[in-house]
Structure formats: C-alpha cells, structure tokens
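Enquirer: Curious how this folds, go ahead:
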Amino acid sequence: MATLTVHPDRLLPAEPGVRDVARRLYAAVRELPIVSPHGHVDPRILLDDAPFADPVSLFVQPDHYVTRLLHAGGVRLDRLGAGAGPLPEERAREAWRLLCRNWHLLRGTPVRYWLDHELAEMFGVRDRPAADNADALYDRIAEQLAGAGHRPRALLRRFGIEVLATTDDPADDLEAHARLARDPGIGARVIPTFRPDRYLEPARPGWADAVGRLGAAAGTEVGDYGGYVAALERRRRFFARRGAVSADHGHADAVAAPLERAEAERIYRWALAGEASEAEATAFRRHMIMEMARMSCDDGLVMTLHPGVRRNHHPDTFARYGADAGADIPVATEYTDALRPLLARFGTHPNLHLVLFTVDPGAFAREIAPLAGFYPSVYAGAPWWFLDSPALIRRYQESVTEIAGFARMSGFIDDTRAFCSIPARHDMARRLDAGFLAGLVAAHRLDEDEALETVTGLVADQPRRVFKL
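Expert: Residues are numbered from 1 along each chain as shown. Model (predicted):
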C-alpha cells in the first residue's frame with residue numbers, strides 16, 4: 001500500500017542554500033494565528049458545534065474544488081452528494097469510495113496538496129487513498145469525527161484561527177453571529193461579510209422579490225430608488241455593528257459607471273415592474289458599484305471585487321444541483337478602464353480600501369499591480385479559485401512585488417467553504433511566501449532580517465491592516 005507523503009520541506013525551494021533560508025522564515029510564521037478575512041464557512045457549524053456527519057460531509061460535499069475534478073473524470077455529481085444534505089451511510093461510503101478510487105485525478109492540483117495535508121495532519125492518515133483502503137480510511141476518519149477533539153469548535157482552536165469571516169446575505173438577521181459574539185467559549189472572532197450581489201442585479205430572476213425582502217429587513221420602503229439605496233445603507237450599518245469589516249462583490253465584470261440620478265430612478269422603476277432590458281440592468285449594476293464605493297467611503301467597510309467568472313456555465317448542472325457545484329468558469333477581465341470612474345472619484349479617499357481579485361493571471365502584472373502601485377486605496381488580492389495553486393501564487397508574488405511592493409498585497413485569502421481546508425491553504429501560502437523571500441535573500445536583494453519582517457507582516461499584519469481588523 002502506497003504511503004501518503006507529507007514532506008516537511010514541501011513547496012520550499014529545491015536549492016539547498018535557499019531552502020535553508022526558507023526553512024528559517026517558514027519556522028517563524030508556521031504557528032502564527034490564522035486571520036481569514038474572506039471565506040464561506042457557515043457560522044451555524046460553529047454555533048451548533050455538532051459533530052461532522054461523516055468524511056464526505058467534511059471533505060467532498062462542501063468543496064466544489066473536489067467535486068468538479070471528479071466530475072471532469074466522469075463521476076456524476078449526484079453520486080458525490082452534490083446539492084444534497086447529509087447522506088445515508090451507504091451513500092456516503094459510496095461517495096468516499098469514488099474519491100479514493102479516483103485519487104489519481106487530483107495529481108498535480110492544489111486540491112491534492114490540501115487533502116494530503118488534512119488527512120495527515122488532522123487524522124493521522126499514513127496510507128494514500130485508493131480503492132482497496134477506502135472503507136478502512138472512512139472508518140478511521142468517522143471514528144475520530146465522533147470524538148470531542150474533532151468537533152467544529154475544537155478544530156477552530158486547533159487550527160489557530162483568530163479571525164474567521166463568513167459571507168452573508170444583506171437581509172440575514174445575523175443571529176448566529178450575534179450568539180457567537182456573546183459566547184466566550186468560541187475562542188475566535190467570527191464576523192459576517194456583506195454580499196449584496198443579488199440585490200444589485202435586476203436581470204436576475206426574483207430580483208424584485210429579493211429587494212422587497214431587503215426593504216423589510218431594513219425597515220425601509222423600497223418602492224423608489226431612494227428607498228432602495230437607503231435600505232442598502234442601513235443594512236451595511238447593521239452588518240458593521242455585528243462586526244463586519246468588508247462588503248464583497250462578485251459580478252461578471254469590474255465595470256463601475258455612474259448614471260445620472262434620473263436615469264437610475266427610471267431603470268429602477270422599470271426593473272421593479274419587470275420591464276428593464278438586459279442592457280439597462282447591466283448599466284444599473286455598474287452604477288451601483290459606484291454607489292457601493294461611495295458607501296464604503298462613508299461607512300468604512302472594505303470593498304472587495306471578485307469579478308470575471310461565468311457563473312453556472314452548464315445550465316443542466318445548475319438546474320439539478322444549484323449554484324456552487326463547480327461549473328463556474330473564468331472569463332478575461334479588464335480593470336484599468338473599468339474602474340477608472342470609481343478611482344477618479346474615490347481612489348484617494350482615506351476611508352476606502354479596495355481589494356481587487358482576479359481569475360485572469362495576466363491581470364496581476366498588466367493592471368492590478370500598477371493600480372495598487374499608484375492608488376493608496378487599492379490592494380492586490382491574493383490569488384483565488386483557479387489561481388490558488390503554487391505556480392500561480394509565485395507568479396502573483398513576482399508580478400505584484402516587482403511593480404507595487406509587498407505593502408500593496410492583501411495577505412492570504414482562503415475563500416473556502418471547506419472548513420478543514422483552511423489550515424492547509426494558509427500553510428501552503430506561508431511556505432510559498434517563505435520560499436519567495438528566501439530567493440530574494442539568496443539573490444542579495446533583501447537581507448534576511450528584512451525577509452523575516454516581511455513574511456511575518458504578510459501573515460500577521462497585512463490582512464489586519466488591509467481589512468481594518
């Protein structure tokens with residue numbers, strides 16, 4: 001049976017002298033607390049603190065990184081429990097067998113790196129998953145999940161998570177967050193994030209009903225444009241009182257383009273009546289991105305942009321399993337001209353922090369780093385989604401630091417629904433930061449004391465400063 005290898009020097013540089021420097025840098029940050037200012041873990045997992053049902057509910061069902069790769073290899077999503085709740089044991093075992101039987105499909109991916117880390121570090125697994133040991137591994141993991149040491153809160157403490165941001169609907173009452181904030185035993189700061197996408201997109205089905213719910217949550221009439229804007233402002237303030245530090249936006253593009261007030265009011269009326277064209281709906285959303293930036297200047301919430309993904313690319317998958325099933329595909333994204341109106345108006349405002357993410361790797365050097373290298377409000381968000389692999393993280397490091405320096409980076413962002421992958425992802429980032437800085441030391445571009453200060457800053461200080469924690 002093949003051994004599951006988790007080498008202590010994984011991802012560190014191969015050249016011995018550089019590796020020695022990287023080891024020292026990594027050792028300095030390895031045990032530092034995790035600050036996770038953007039992610040998708042459901043806060044009710046921590047509130048309820050119920051044991052995870054089985055290995056599939058932990059490693060497979062919540063992680064579209066895993067399910068999409070298996071689907072590409074011919075495994076149907078329904079057999080993996082996609083879009084379903086807890087599975088009966090035999091179905092869960094079958095899904096786990098499919099993962100183990102198709103372990104080879106993960107080779108060379110960051111998913112394989114994360115899963116190796118999780119299995120070895122969390123559960124003491126030393127055998128590589130395969131068809132002939134799937135049931136034994138399932139039993140071993142399930143037995144540990146039933147124990148107190150692997151319940152969500154125990155893992156939160158074990159992972160060393162200091163701050164964990166969730167992603168939340170603006171109409172949510174945030175009661176789970178309020179109860180967690182009052183609980184001295186939680187051991188971490190769990191904060192919401194304001195995610196208003198569905199309320200800014202009149203072309204989405206059910207938009208008018210959603211706006212009605214927003215108005216009800218805000219206690220504001222939303223029959224006209226002024227009431228709608230007031231409802232968004234009120235809900236942002238409510239989120240801030242519950243601990244939120246950022247507002248997150250994930251639209252098809254990064255365009256921010258203001259409309260005249262009368263035009264915005266007209267489109268809003270027509271959209272409520274279901275009569276706005278697709279072009280008008282897009283123009284309204286781009287106008288509202290400007291409004292979101294204005295609101296960030298007023299209330300201080302950090303503004304993060306995650307554009308450039310064609311959501312639910314495969315209609316049948318969306319119809320069967322809903323969103324976040326792994327069928328979202330990147331498109332090329334432009335930032336320089338798209339954001340020029342926003343940055344012309346707010347780019348030097350002292351209260352705005354604008355963090356730009358991309359799934360277009362060319363955008364780091366071409367646009368994002370130059371923007372971050374001029375505008376004091378702009379930061380280069382860490383590689384996410386299709387870019388959070390070692391090779392592309394190194395490309396990001398080179399692109400951003402050459403043009404804008406380390407100070408304009410966001411710090412690492414794990415952006416995950418898979419709770420147990422958080423420490424694996426942050427550990428990967430720390431190793432890559434240590435390796436990159438060790439290379440600068442070896443090339444005599446930095447002294448080692450500067451590299452140590454920088455790697456510590458990237459892990460501990462940068463996300464707190466950028467996200468105003």
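Enquirer: Name the helix or strand of this protein that has the lowest mean pLDDT.
Expert: Scoring the helices and strands of the chain by mean pLDDT, DSSP states H and E places helix 315-321 at the bottom, with a mean of 85.
Enquirer: Without its sequence neighbours, what residue ends up closest to the residue most central in space within the chain?
Expert: For the chain, the residue nearest the mean C-alpha position is Asp415 (1.7 Å; C-alpha atoms, centre = their mean). Distances taken as C-beta to C-beta, 6 or more residues apart in numbering place Trp384 nearest to Asp415, at 4.7 Å, with adjacent residues excluded. C-beta: built from backbone N, CA, C; applies to glycine.
Enquirer: Roughly how far does that neighbour sit from His287?
Expert: 26 Å (C-beta to C-beta, to the nearest Å).
Enquirer: same thing with Leu259?
Expert: Taking C-beta to C-beta, one finds Leu259 at 4 Å from His287.
Enquirer: thought Ala442 was touching Asp20?
Expert: No. Under the contact definition of C-beta atoms under 8 Å, Ala442 does not touch Asp20, with a separation of 9.5 Å.
Enquirer: Neighbour count: these two, which is higher?
Expert: Ala442 (19 against 13; other C-beta atoms under 10 Å).
Enquirer: ok, the nearest residue to Glu448 once chain neighbours are set aside - how many residues close by?
Expert: Residue nearest to Glu448 in three dimensions, not counting chain neighbours: Val441, with 5.2 Å by C-beta to C-beta, 6+ apart. By other C-beta under 10 Å, 21 other residues sit near Val441.
Enquirer: measure Val441 to Leu301 for me?
Expert: According to C-beta to C-beta, Val441 stands 37 Å off from Leu301.
Enquirer: One more: Ala323?
Expert: 24 Å.
Enquirer: neighbour count winner among these two?
Expert: Per other C-beta under 10 Å, whichever of Ala323 and Leu301 has more neighbours is Leu301, with 26 against 12.
Enquirer: The nearest residue to that one once chain neighbours are set aside sits in which helix or strand?
Expert: Taking C-beta to C-beta, 6+ apart, and ignoring the residues beside it in sequence, Leu301 has Ala247 as its nearest neighbour in space, at 4.7 Å. Here Ala247 sits within strand 246-249, counting by DSSP states H and E.
Enquirer: Could you do Pro202 as well?
Expert: Here Pro202 is assigned to no helix or strand, by DSSP H and E.
Enquirer: Now do it against Phe284, distance only.
Expert: Taken as C-beta to C-beta, the span from Pro202 to Phe284 is 6 Å.
Enquirer: Need the residues touching each of those two.
Expert: Ile267, Tyr268, Ala271, Ala276 (C-beta atoms under 8 Å, 6 or more residues apart in numbering).
Enquirer: Now the third one: closest residue in space that isn't a chain neighbour?
Expert: In other words, Ala271. Pro202 (3.6 Å).
Enquirer: If you tally nearby residues, what's the number for the one you found?
Expert: Here the number of neighbours of Pro202 (other C-beta under 10 Å) works out to 24.
Enquirer: residue contacts, it?
Expert: Here Pro202 is in contact with Ile267, Tyr268, Ala271, Ala276, Glu280, Ala281, Phe284, Arg285 (C-beta under 8 Å, 6+ apart).
Enquirer: Throw those residues into a markdown table and include secondary structure, thanks.
Expert: Listed next are these as a markdown table, based on DSSP: H, G, I helix; E, B strand; the rest coil:
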| residue | secondary structure |
| --- | --- |
| Ile267 | helix |
| Tyr268 | helix |
| Ala271 | helix |
| Ala276 | coil |
| Glu280 | helix |
| Ala281 | helix |
| Phe284 | helix |
| Arg285 | helix |
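Enquirer: Looking at the residues you listed, which is nearest Leu119?
Expert: Arg285 (42.0 Å; C-beta to C-beta).
Enquirer: What about the closest one, how many residues nearby?
Expert: 24.
Enquirer: Ala443 too?
Expert: When neighbours are counted by other C-beta under 10 Å, Ala443 comes out with 9.
Enquirer: Now do it, the pLDDT please.
Expert: For Ala443, the model assigns a pLDDT of 97.
Enquirer: if we can go back for a sec, in the shared contacts of Pro202 and Phe284, find the pair that's most separated.
Expert: It's Tyr268 and Ala276 that sit farthest apart of the shared contacts of Pro202 and Phe284, by C-beta to C-beta, at 8.4 Å.
Enquirer: If you count surrounding residues, which of those two has more?
Expert: Neighbour count, other C-beta under 10 Å: between Tyr268 and Ala276, Tyr268 has more, with 25 against 21.
Enquirer: which SSE is the residue lying farthest from the centre of the chain in?
Expert: Going by C-alpha atoms, centre = their mean, the residue of the chain most distant from its centre is Ala262, 36.2 Å out. Per DSSP H and E, Ala262 falls inside helix 261-272.
Enquirer: residue ranges for the helices of the stretch 351-469 of the chain, please.
Expert: 362-363, 369-372, 390-403, 422-442, 448-456, 462-466 (DSSP state H, counting those that start in this stretch).
Enquirer: From the rest of the structure, what touches the second one?
Expert: For helix 369-372, the external contacting residues (C-beta under 8 Å, 6+ apart) are 335-336, 339, 343, 356, 378-380, 399-400, 402-404, 408.
Enquirer: Please, where are all the strands along this structure?
Expert: 34-36, 161-165, 189-191, 246-249, 302-305, 309-310, 329-330, 354-356, 378-380 (DSSP state E).
Enquirer: For stretch 405-417, C-alpha coordinates in CSV please.
Expert: Taking C-alpha atoms only, stretch 405-417 is exported to CSV below (Å, rounded to 0.1, in the frame of the first residue of the first chain):
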residue,chain,number,x,y,z
GLY,A,405,5.9,46.0,-3.4
PHE,A,406,4.8,43.8,-0.6
ALA,A,407,2.9,46.5,1.2
ARG,A,408,0.2,46.5,-1.6
MET,A,409,-0.7,42.8,-1.1
SER,A,410,-3.9,41.8,0.7
GLY,A,411,-2.4,39.0,2.7
PHE,A,412,-3.6,35.4,2.1
ILE,A,413,-7.3,34.8,1.4
ASP,A,414,-8.5,31.2,1.6
ASP,A,415,-12.0,31.8,0.1
THR,A,416,-13.3,28.4,1.1
ARG,A,417,-16.4,26.6,2.2
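Enquirer: Apart from its neighbours in sequence, what residue is nearest Gly322?
Expert: Gly83 (5.2 Å).
Enquirer: Next up, the contacts around the one you found.
Expert: Gly83 neighbours (C-beta under 8 Å, 6+ apart): Leu77, Arg320, Tyr321, Gly322, Ala325.
Enquirer: among the residues you listed, which two are most distant?
Expert: Maximum distance among the contacts of Gly83 (C-beta to C-beta): 10.6 Å, for Leu77 and Gly322.
Enquirer: on that earlier part again, who has more neighbours, Trp384 and His287?
Expert: A side-by-side neighbour count of Trp384 and His287, using other C-beta under 10 Å, places His287 first with 23 against 18.
Enquirer: residue ranges with poor pLDDT in the stretch 201-350 of the chain?
Expert: For the stretch 201-350 of the chain, no stretch has pLDDT under 70.
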